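Colleague: sequence first, then the predicted structure:
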Amino acid sequence: MARKPDEGARDRILETASRLFTRYGVHAVGLQRIIDECGCGKNLLYREFRSKDELVVAFLERCKDDWDAVVAEAARPETSDPGREIVALVAAVAERAAEDGFRGCPLRNAYAEFPDESHPAHQVIVDHFTAKQAHLRDLAKRAGARDPEALSDRINLIIDGLNANGAVLGLKGATSAAVRFAQDTVEAETRRA
């Protein structure tokens, strides 16, 4: 008798891999550890993901989806002003950076592990940061910044700083200062002389 498909197996494997990759790094986690912690067989893992690279790409795509959710939350109706949306985006990152166990931006962390430009993981990461930068530039333009590129670069640096600072210091870090800094930066760049 043929086995029934394991509904949700892909999501369970990806959830386990995501947790481990985020905590320990991609290269430090082998497929056997994922199999053991997930409680799935090797055949099931390879049926869902043909290789570790394919699993890593799925993990990174999931991280991109998480970022998209942060962006969507920052764009809710009460932040319909693009300047407020920028600050709300920084505030959302600050909130995550203050969470217990925060390890920094998983996409940025994975970038250090995949320097080969032809690797699919590298490409996913670069595409994400390119799109993130374009989104920040668009928000800066719509906010009426005198120099949208400068404003988006500054906000991007604040976000990067939150990810680094929050990973090390958590609640003791500079999360609230980062949000105020973003607010001051947006106001200074959009203020009319």
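Modeller: Structure's in. What do you need? Predicted, not measured: the structure shown is a model, and the values here were computed from it.
Colleague: secondary structure class for the closest residue in space to residue 96 that isn't next to it in sequence?
Modeller: Nearest non-adjacent residue to residue 96, counting by CB to CB, 6 or more residues apart in numbering: residue 102, 6.4 Å away. In this view, the C-beta of every residue, glycine as well, is placed from N, C-alpha and C. Put simply, residue 102 is coil when judged by DSSP: H, G, I helix; E, B strand; the rest coil.
Colleague: for residue 102, what are its contacts?
Modeller: With contact set as CB atoms under 8 Å, 6 or more residues apart in numbering, residue 102 has these partners: 96, 166, 167, 170.
Colleague: with adjacent residues omitted, what lies nearest to the third one?
Modeller: When you say that, I think you mean residue 167. Using CB to CB, 6+ apart, the nearest residue to residue 167 is residue 104, at 3.6 Å.
Colleague: re the thing from before, most neighbours, which of the contacts of residue 102?
Modeller: Most neighbours among those, by other CB atoms under 10 Å: residue 166, with 26 neighbours.
Colleague: surely it and residue 100 touch.
Modeller: No: when contacts are counted by CB atoms under 8 Å, residue 166 is not listed as touching residue 100 (10.8 Å).
Colleague: can you map out the strands along this structure?
Modeller: Counting by DSSP state E, the chain has no strands at all.
Colleague: where does it dip in pLDDT?
Modeller: Counting by pLDDT under 70, the chain has low-confidence residues at 1-6, 77-79, 193.
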